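1. Need coordinates for the following:
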Amino acid sequence: MKNERRSQILIEALPYIQEYRDKIVVVKYGGNAMIDNDLKMKVMSDVVLLSLVGIKIVLVHGGGPEINAMLKKVGKESSFVNGLRHTDKETMDIVQMVLCGKVNKDLVELLHCHGGKALGLCGLDGHMIEARQLSKELGYVGAITKVNTDSIATALNTGYIPVVSTVASGDDGTVYNINADVAAAQIASALGASNLILMTDIIGLLRDKDDETTLIKRVHVSDVPLLKTQGIVSGGMLPKIDCCVEAVRRGVKKTNIIDGRIPHSILIELLTSEGVGTMILD
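-> Numbers count the residues shown, from 1 in each chain. As a prediction, the model looks like this:
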C-alpha cells in the first residue's frame with residue numbers, strides 16, 4: 001500500500017473517531033470470529049485500537065462451541081426445545097465454568113497481548129444481570145429483569161475494556177444462562193450506548209435469503225413489522241432484529257448486524273463511510 005493511500009485512510013477515519021470518542025459502543029462477539037484464530041486476532045486488535053483512540057468498547061461474548069465441546073467431553077448430550085438449549089443444573093454448571101472462566105479469561109488475556117487493558121466480568125459480578133426463569137421447559141435459561149451497570153461503568157472510567165460473559169443471578173441465588181444477543185442489547189440500553197454491534201456469521205438482513213446481493217443496508221424500526229409479514233425477517237434473524245429494535249426503542253442511537261467473517265468488520269463499520277451489514281435505527 002502506498003503512503004498516500006495509507007494517509008488517506010487515516011484522514012477518512014478521523015471524523016468517525018471524533019464522532020465516537022468518549023462514546024460507548026457495545027459489541028456482541030460470537031460466531032465464526034470467535035472460532036477462527038486469525039479472525040479472533042483481528043477482532044482483538046480492532047477492539048484495542050478503538051479503545052486507544054478513545055472509544056469506550058464493551059465486549060459481550062457468547063461461547064456456544066466451547067460449551068458444546070465441554071459437554072461432549074464429559075459425555076453430556078445437549079437437548080433443545082424450539083431451537084433453544086435446555087439447560088439442566090449440570091449443564092448450567094458447565095456453562096458458568098466455561099463462559100465465566102476459560103472463555104472470558106482467554107479473551108482478557110488476548111486483549112492484553114494486543115496492548116489493551118481488559119477486565120473480565122460476568123453477569124453475577126455486582127449483580128450486573130438479574131433474571132428470572134424464562135420457562136420451565138428450558139430449565140436454567142433466564143429472562144433479564146434488571147441490568148446494573150456500575151461495574152461496567154467503573155471499568156470504562158478507569159480505562160479498561162469490560163469483557164462480559166452472560167450469566168445472571170435470580171432472586172433466590174439461582175444462576176441462569178442468558179442469550180448473549182439479548183444481554184448485549186439490554187446492557188447497551190442500560191449504558192445509554194451510542195451503538196450496538198452484533199457480530200454474526202451472515203452478511204446481514206437479505207431481501208432474498210439466497211442472494212447476498214440483496215443485502216438491506218438500512219432498516220428503520222417502523223419498517224420491521226412489514227419485513228416480518230413479508231417473511232424477510234424470519235428464522236434466526238428474528239431474535240437478532242428484535243434485540244436491535246428493542247435497543248433502539250430504549251435509546252441506543254443505532255444498531256448494526258455485521259458479518260464477523262469479514263476481517264476488521266468492526267473497523268469498517270465504525271470508521272468508514274461504507275459500513276458492513278445491516279443498520280437498524282429509529
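
2. Could you verify that residue 176 is part of a helix?
-> No. Residue 176 is assigned strand when assessed by DSSP: H, G, I helix; E, B strand; the rest coil, not a helix.

3. correct me, but residue 104 touches residue 59?
-> No. Assessed by Cβ atoms under 8 Å, residue 104 is found out of contact with residue 59, at 9.8 Å. Backbone N, C-alpha and C define where each C-beta goes, glycine included.

4. got the contact list for the helix or strand harbouring residue 248?
-> Using DSSP states H and E, residue 248 sits in helix 237-249. Contacting residues not belonging to helix 237-249 are listed as 179, 181-182, 184-186, 188-189, 196, 198, 200, 202, 205, 219, 221, 224, 227-228, 233, 254-255, 257, 280-282 [Cβ atoms under 8 Å, 6 or more residues apart in numbering].

5. Show me these that map onto strands.
-> Mapping the contacts of helix 237-249 onto strands (DSSP state E) picks out 196, 198, 200, 219, 254, 255, 257, 280, 281.

6. Sheet partners, orientation included, of the worst-scoring helix or strand of the chain on mean pLDDT?
-> Least confident helix or strand, the chain: strand 84-85 with a mean of 70, by mean pLDDT, DSSP states H and E. Its sheet considered, strand 84-85 pairs with strand 80-81 (antiparallel) by DSSP bridges.

7. Where does the prediction get shaky in the stretch 51-200 of the chain?
-> Confidence mapping of the stretch 51-200 of the chain against pLDDT under 70 gives the ranges 82-83.

8. before we move on, back to that, what about dumping the CA coordinates of the helix holding residue 248 to PDB?
-> This file holds the C-alpha atoms of helix 237-249, laid out as PDB (Å, rounded to 0.1, in the frame of the first residue of the first chain):
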ATOM      1  CA  MET A 237     -32.700 -13.300  12.100                       C
ATOM      2  CA  LEU A 238     -35.900 -12.700  14.000                       C
ATOM      3  CA  PRO A 239     -34.400 -12.600  17.500                       C
ATOM      4  CA  LYS A 240     -31.400 -10.500  16.400                       C
ATOM      5  CA  ILE A 241     -33.600  -7.900  14.700                       C
ATOM      6  CA  ASP A 242     -35.900  -7.900  17.800                       C
ATOM      7  CA  CYS A 243     -32.900  -7.200  20.000                       C
ATOM      8  CA  CYS A 244     -31.800  -4.300  17.800                       C
ATOM      9  CA  VAL A 245     -35.300  -2.900  17.700                       C
ATOM     10  CA  GLU A 246     -35.600  -3.100  21.500                       C
ATOM     11  CA  ALA A 247     -32.200  -1.400  22.000                       C
ATOM     12  CA  VAL A 248     -33.200   1.500  19.600                       C
ATOM     13  CA  ARG A 249     -36.500   1.900  21.400                       C
END
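
9. list the buried ones in that helix?
-> Buried positions in helix 237-249, judged by neighbour count with 16 or more other Cβ atoms under 10 Å: 237, 240, 241, 242, 243, 244, 245, 246, 247, 248.

10. Closest one to residue 71 out of those, please.
-> In terms of Cβ to Cβ, no member of these lies closer to residue 71 than residue 240, at 24.3 Å.

11. what sits against residue 95?
-> Counting by Cβ under 8 Å, 6+ apart, residue 95 touches 67, 87, 167, 177.

12. Can you tell me which of the residues you listed is closest to residue 50?
-> residue 167 (25.8 Å).

13. quick one: the nearest residue to the closest one once chain neighbours are set aside and residue 85, what's the gap?
-> Nearest residue to residue 167 in three dimensions, chain neighbours excluded: residue 123, at 4.9 Å (Cβ to Cβ, 6 or more residues apart in numbering). Distance of residue 123 to residue 85, given as Cβ to Cβ, to the nearest Å: 17 Å.

14. Likewise for residue 63?
-> 12 Å.

15. do the same with residue 116
-> Computed as Cβ to Cβ, the residue 116 to residue 85 distance reads 31 Å.

16. again with residue 43
-> According to Cβ to Cβ, residue 43 and residue 85 sit 24 Å apart.

17. I'd like the secondary structure assignment at the residue nearest the centre of the chain, please.
-> For the chain, residue 28 is the residue whose C-alpha lies nearest the centre (Cα atoms, centre = their mean; 0.8 Å). At residue 28 the chain is in strand, as set by three-state DSSP.
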